[in-house]
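[1] Fold the following and give me the result.
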Amino acid sequence: MARKIIDISHTLSPSIAVWPGDTEFVSFFVDEISKGGPVNVGGVTMSVHTGTHADAAYHFSDDGATIDKVRLGAYIGPALVIDATDSEAVTERHVSQLSRGDVERLLFKTNSSAPDVFTEDFSHFTPEAARAIAELHVKLVGIDTPSVDHPNSKTLESHKIFGDAHIAILENLNLAEVEPGEYELIALPLKFSGMDGSPVRAVLVKDM
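    Residues are numbered from 1 along each chain as shown. Okay, the predicted model is just below:
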């Protein structure tokens, strides 16, 4: 059976938008064949929350697990993409038809902006939606915007609701061309010691 692989990661480049005040993406080469070197060797400077990324619980709690300690199984397996483009936020209504045990991972497609533009009115989860999702006992939740919380939130309530429920978080997914439905998700974070997040190369796999 043929399988289709859909890349749902944003390309990391100097043009990618970052959260205001965060470390901008910079790429460079420390050795280049064109300049007489035997090989090309590149490097980058970036925030671990640049582009498509996973949040570790340590991002919003000093008592939370760092990204090298997360359960990798949460980032691999069946996932349901839900269309939430009809609203300015993901609400409880978007998951009201789901029951516990129906699905292990939920990814929400919203009216996200271009990856090279940071806007302060992006879609997010209302606390009520986050609590409803927590009650479903899913392993992972993802969204195609910079944060699961309102851009002006200082309490990060949705982050903490997911964290308390041991739900892994993916942010800044690229779901613009993805149809709602069932897929297989693969989105492994890098094993950064002691860090609060990591970029991921996220893909959806669909049987054809």
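[2] Most remote residue from the middle of this structure, which is it?
    residue 36 (39.5 Å; CA atoms, centre = their mean).
[3] mind checking pLDDT for that residue?
    According to the predicted model, the pLDDT of residue 36 comes to 98.
[4] How about residue 2?
    At residue 2 the predicted local distance difference test score is 86.
[5] cool, residue 20 as well?
    In the prediction, the pLDDT value recorded for residue 20 is 95.
[6] Pull the contacting residues for it.
    With contact set as CB atoms under 8 Å, 6 or more residues apart in numbering, residue 20 has these partners: residue 118. The way it works is simple: take the backbone N, C-alpha and C, and place the C-beta from them, glycine included.
[7] On the three-state scheme, it is what?
    coil (DSSP: H, G, I helix; E, B strand; the rest coil).
[8] Next one: the residue farthest from the centre of the chain from residue 21, what distance?
    Distance from residue 36 to residue 21, counting by CB to CB, to the nearest Å: 39 Å.
[9] same deal with residue 86?
    Between residue 86 and residue 21 the computed distance is 32 Å (CB to CB).
[10] Just list the residues touching residue 149, thanks.
    Residue 149 touches 124, 125, 156, 157, 158, 159, counting by CB under 8 Å, 6+ apart.
[11] Describe which strands the longest strand anywhere in the chain pairs with in its sheet and in which direction.
    For the chain, the strand with the greatest residue count under DSSP state E is strand 76-83. According to DSSP bridges, strand 76-83 forms sheet pairs with strand 105-109 (parallel), strand 181-186 (antiparallel).
[12] Quick check: mean pLDDT of the last one?
    Spelled out, it's strand 181-186. The average pLDDT within strand 181-186 is 98.
[13] same check, this time on the shortest one
    Computed over strand 105-109, the mean pLDDT rounds to 98.
[14] what's that strand in contact with?
    With CB under 8 Å, 6+ apart as the contact definition, strand 105-109 has outside contacts at 8, 74, 77-85, 90, 94-95, 98, 123, 125, 133, 136, 138-144, 170, 173, 175-176, 178, 180, 185.
[15] Tell me the spacing between residue 159 and residue 147.
    Computed as CB to CB, the residue 159 to residue 147 distance reads 8 Å.
[16] What of residue 22?
    Taking CB to CB as the measure, residue 22 and residue 147 are separated by 12 Å.
[17] neighbour count winner among residue 86 and residue 21?
    Set side by side, residue 86 and residue 21 give different neighbour counts by other CB atoms under 10 Å, the larger being at residue 86 (10 against 6).
[18] name the element the more buried one belongs to?
    Secondary structure assigned from DSSP states H and E places residue 86 in neither a helix nor a strand.
[19] residues contacting it?
    So residue 86 contacts nothing (CB under 8 Å, 6+ apart).
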